[in-house]
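1. Based on what follows, work out the 3D shape:
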Amino acid sequence: MTNIVFRHYKEGDEKQLAELFNLAFQKSVVTRTSTSWQWRYIKSPGFEPEMCQIAEDINKKKIVGAIFVNLIEKIPVGKEQYLIGDINDVSTHPNYIKRGIATKLLENSIEYMTEKGCDFSMLCTGLKGFARSKLYQKLGYFDLEKRYYFVHIPNVPQLIRNIFGFAFFFPIFFIISYLPRFLYRLSLKFKSFYKDFSYEINHNKNHYEYMNAINRISSKYYEGYPGYDKSKLIWARINVPSKKQEPTYIIIRKSGKIIGGSVITHQKVETNKFKLKLRLGIIHEIFLEKDIFNNSYNLYLGYIYLIDKIIKAATQRYLGVLLYQSSLKADALNQAFKGMCFFRIQKDVIMIKELKKNLKFPPSKKPLFIPTYITLGIP
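-> From the prediction side, this is the model:
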């Protein structure tokens with residue numbers, strides 16, 4: 001490997017790093033541009049060049065591998081706060097695989113996180129993926145929590161406009177997408193508990209009202225919820241590089257008080273192999289004040305109500321497909337996704353590495369809050 005040097009990010013690397021990601025993740029739903037890469041990393045709170053570890057073929061002056069450390073932030077688990085460094089976008093050029101590049105880059109990233117005083121390192125990967133067994137486990141990462149992906153078709157006409165071949169399946173998609181919503185809406189009309197429920201769909205406004213609500217509610221029901229502060233909100237939701245990253249907030253109220261909500265953005269998905277081009281909606285987070293519900297069925301219907309409004313917001317954004325990653329521990333929410341006929345597809349797994357001796361990640365019955373900047377690489 002005499003022609004490979006290892007270094008960290010320097011100004012001007014953005015274009016090659018974006019191209020490397022797109023080449024390494026050709027099957028990914030996310031594509032990167034120089035602009036989106038800069039927003040994703042350089043403009044994130046607390047960015048340091050050492051957070052981006054790079055392998056370069058110096059003979060060809062080409063970046064052939066990269067690993068990124070996400071936001072280093074404290075997360076609460078139980079009664080303790082832990083400093084977590086997240087790993088994202090592990091990329092190797094297809095012509096340079098099996099040379100130990102990813103291993104060396106990850107070792108450099110672990111060394112950086114250790115020097116920053118991190119207690120743990122965290123990442124998300126495919127449960128049956130090559131990287132899990134051949135890279136992460138060998139360097140001390142172990143499975144912490146499994147996750148489901150749920151997929152829905154909120155806007156059937158939009159999906160057909162994106163992929164005309166799906167027109168043949170219109171009757172099936174129509175039933176799956178609209179019938180459960182109609183039946184549950186009818187059911188909720190006869191439930192006195194929901195008489196004082198209301199909702200709002202706010203596109204790219206009411207940022208701080210949403211921030212205050214999710215910070216107040218999510219910390220009660222999730223472990224590891226880092227919360228938004230002003231700098232993080234401005235980065236992730238306000239100073240975004242394009243309209244597709246602009247947030248649409250869904251807010252649920254009971255007697256005028258916010259008791260739940262969600263936020264969606266979208267990505268344009270294009271693949272040359274399948275001639276696929278569509279607008280993919282990303283649900284970033286779902287939260288609900290569970291304690292106000294007097295029984296498990298009403299809690300289930302509360303999630304149904306919120307998911308219905310998320311689908312409505314996705315329809316307003318002309319999204320053909322909607323995606324959410326959920327913890328296996330989020331029982332009521334997962335049941336509501338099934339009730340609304342979301343397809344449950346693959347499983348991913350959250351992995352963790354202990355960076356300090358004699359420090360164990362504490363067990364918890366609550367689901368972990370894992371932001372999409374870790375799972376999908378999208379703030």
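2. Which strand or helix spans residue 183?
-> Here residue 183 sits within helix 170-189, counting by DSSP states H and E.
3. Show me what that helix is packed up against.
-> Contact here means 3 or more C-beta pairs under 8 Å, 6 or more residues apart in numbering; DSSP states H and E; on that basis helix 170-189 packs against helix 156-162, helix 296-316. Yep, even glycine has a C-beta here, placed from its N, CA and C like the rest.
4. so how far is it from its chain's centroid?
-> Distance of helix 170-189 from the chain centroid (C-alpha atoms, centre = their mean, to the nearest Å) equals 27 Å.
5. repeat for stretch 50-65
-> 27 Å.
6. I'd like the mean pLDDT over that stretch, please.
-> In this model, stretch 50-65 carries a mean pLDDT of 96.
7. Pull the residues that contact that stretch.
-> Residues lying outside stretch 50-65 but in contact with it, judged by C-beta atoms under 8 Å, 6 or more residues apart in numbering, are 3-9, 13, 16-17, 20, 41, 66-70, 72, 91-93, 95-96, 101-102, 104-105, 108-109, 112.
8. From these, keep the buried residues only.
-> Using 16 or more other C-beta atoms under 10 Å as the burial test, the contacts of stretch 50-65 include 4, 7-9, 13, 16-17, 20, 41, 66-70, 72, 91-93, 96, 101-102, 104-105, 108-109, 112 as buried.
9. can you tell me which of those residues are in helices?
-> 16-17, 20, 101-102, 104-105, 108-109, 112 (DSSP state H).
10. which one of these is nearest residue 251?
-> residue 17 (36.4 Å; C-beta to C-beta).
11. Reformat the ones in helices among the buried ones among the contacts of stretch 50-65 as JSON lines; add distance to residue 244.
-> Shown next, in JSON lines, are those (distance: C-beta to C-beta, whole Å):
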{"residue": "16", "distance to residue 244": "23"}
{"residue": "17", "distance to residue 244": "20"}
{"residue": "20", "distance to residue 244": "22"}
{"residue": "101", "distance to residue 244": "32"}
{"residue": "102", "distance to residue 244": "30"}
{"residue": "104", "distance to residue 244": "35"}
{"residue": "105", "distance to residue 244": "29"}
{"residue": "108", "distance to residue 244": "32"}
{"residue": "109", "distance to residue 244": "29"}
{"residue": "112", "distance to residue 244": "31"}
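12. Those residues: which two are farthest apart?
-> Going by C-beta to C-beta, the pair spanning those furthest: 16 and 112, at 20.6 Å.
13. Tell me if I am right that residue 348 is in a strand.
-> Yes - checked against DSSP: H, G, I helix; E, B strand; the rest coil, residue 348 lies within a strand.
14. List the contacts of it.
-> 124-127, 146-147, 149, 325, 375.
15. Could you rerun that using 7 Å?
-> 124-127, 147, 325, 375 (C-beta atoms under 7 Å, 6 or more residues apart in numbering).
16. Could you do residue 306 as well?
-> 250, 252, 260, 262, 286, 288.
17. Just the ones of these in helices?
-> Among the contacts of residue 306, no member falls in helices (DSSP H).
18. would a markdown table of these with neighbour count, distance to residue 25 and pLDDT be doable?
-> Shown next, in a markdown table, are these (neighbours: other C-beta atoms under 10 Å; distance: C-beta to C-beta, whole Å; pLDDT from 0 to 100):
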| residue | neighbour count | distance to residue 25 | pLDDT |
| --- | --- | --- | --- |
| 250 | 26 | 29 | 98 |
| 252 | 22 | 35 | 98 |
| 260 | 25 | 33 | 98 |
| 262 | 24 | 26 | 98 |
| 286 | 22 | 26 | 98 |
| 288 | 23 | 33 | 98 |
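19. Who is residue 120 paired with across the strands?
-> Listed by DSSP bridges, the beta-bridge partners for residue 120 are residue 84, residue 354.
20. Might one say that it is in contact with residue 82?
-> Yes - using C-beta atoms under 7 Å, residue 120 is in contact with residue 82, at 5.9 Å.
21. Could you check which of those two has the larger neighbour count?
-> For residue 120 and residue 82, the more surrounded residue by other C-beta atoms under 10 Å is residue 120, and the numbers stand at 22 against 19.
22. any idea how far the more buried one is from residue 335?
-> 30 Å (C-beta to C-beta, to the nearest Å).
23. which of the residues in the helix holding residue 183 are buried?
-> 173, 176-177, 180-181, 184, 188.
24. Equivalent analysis for stretch 134-144, please.
-> 135-136, 141, 144.
25. for the record, mean pLDDT for it?
-> 95.
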